[in-house]
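**Student:** Any chance you can model this:
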Amino acid sequence: MAHCNFQLRGKEADADEDFVKNLSKSLKTECFVKKFDTEKEKGLTGESIQMVARRLRFGFFEDLLLKHNFSGVIVGSTINDQLETILLNLTKGTGISGLTAMSPKNKNVIRPFITSTKEEVLGYLKQLKEPFRIDNSNLENKYQRNLIRNKVVPELL
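**Tutor:** Residues are numbered from 1 along each chain as shown. Predicted structure coming up:
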């Protein structure tokens, strides 16, 4: 398991990290955690906070793949994320590549839930009585992706 703590949500981010560490222990799997000073990195690069976090996250995954000779990384992207990405790309003006968004497998990144809705995945976890956490910052509309996530996507799915 791998987890990034971008230190953007205070105690909630720390609770997410603890959740992943505890889940890893209960599943008897190795857990890799990295804390980032995301705000500082944003100040250095001028990128949006979302782009900084994405770059740091996938850089961390790539480092783990190389260091431990892992063959791939599985991420939890759903069809909701796919639709959000396509709509976000459209708002920024995109070509064909931006309309295709995320593939189920791209090099060493595997997305097994890309054809399932977020609601289906959460419903399945609830049915199994498996614990999960929700990032409450996704409910705020201060970022363009969240606005699309919370206002546009529910109308389309």
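**Student:** nearest residue to Phe113 other than its sequence neighbours?
**Tutor:** Spatially, and ignoring its direct neighbours in sequence, Phe113 is nearest to Thr78 (5.0 Å; C-beta to C-beta, 6 or more residues apart in numbering). Where C-beta positions appear, they are placed from N, C-alpha and C, glycine not excepted.
**Student:** Pretty sure the one you found sits against Leu122.
**Tutor:** No - judged on C-beta atoms under 8 Å, Thr78 makes no contact with Leu122 at a distance of 9.4 Å.
**Student:** Could you pull out the buried residues of the helix or strand of the chain with the lowest mean pLDDT?
**Tutor:** Averaged element by element with mean pLDDT, DSSP states H and E, the chain has its least confident helix or strand at helix 96-100 (a mean of 79). Buried residues in helix 96-100, counted by 16 or more other C-beta atoms under 10 Å: none are found.
**Student:** which SS class is Ser103?
**Tutor:** Ser103 falls in the coil class when you classify it by DSSP: H, G, I helix; E, B strand; the rest coil.
**Student:** Would you enumerate the residues in contact with it?
**Tutor:** 111, 114 (C-beta atoms under 8 Å, 6 or more residues apart in numbering).
**Student:** and what of Asn136?
**Tutor:** Asn136 sits next to 9, 12 when contact means C-beta under 8 Å, 6+ apart.
**Student:** Please, where are all the helices along this structure?
**Tutor:** 11-27, 38-45, 49-68, 79-92, 96-100, 118-127, 144-147, 153-156 (DSSP state H).
**Student:** Columns distance to Asn136 on top of these, output as JSON lines?
**Tutor:** As requested, these are arranged in JSON lines below (distance: least, C-beta to C-beta, whole Å):
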{"stretch": "helix 11-27", "distance to Asn136": "6"}
{"stretch": "helix 38-45", "distance to Asn136": "17"}
{"stretch": "helix 49-68", "distance to Asn136": "16"}
{"stretch": "helix 79-92", "distance to Asn136": "17"}
{"stretch": "helix 96-100", "distance to Asn136": "28"}
{"stretch": "helix 118-127", "distance to Asn136": "15"}
{"stretch": "helix 144-147", "distance to Asn136": "11"}
{"stretch": "helix 153-156", "distance to Asn136": "17"}
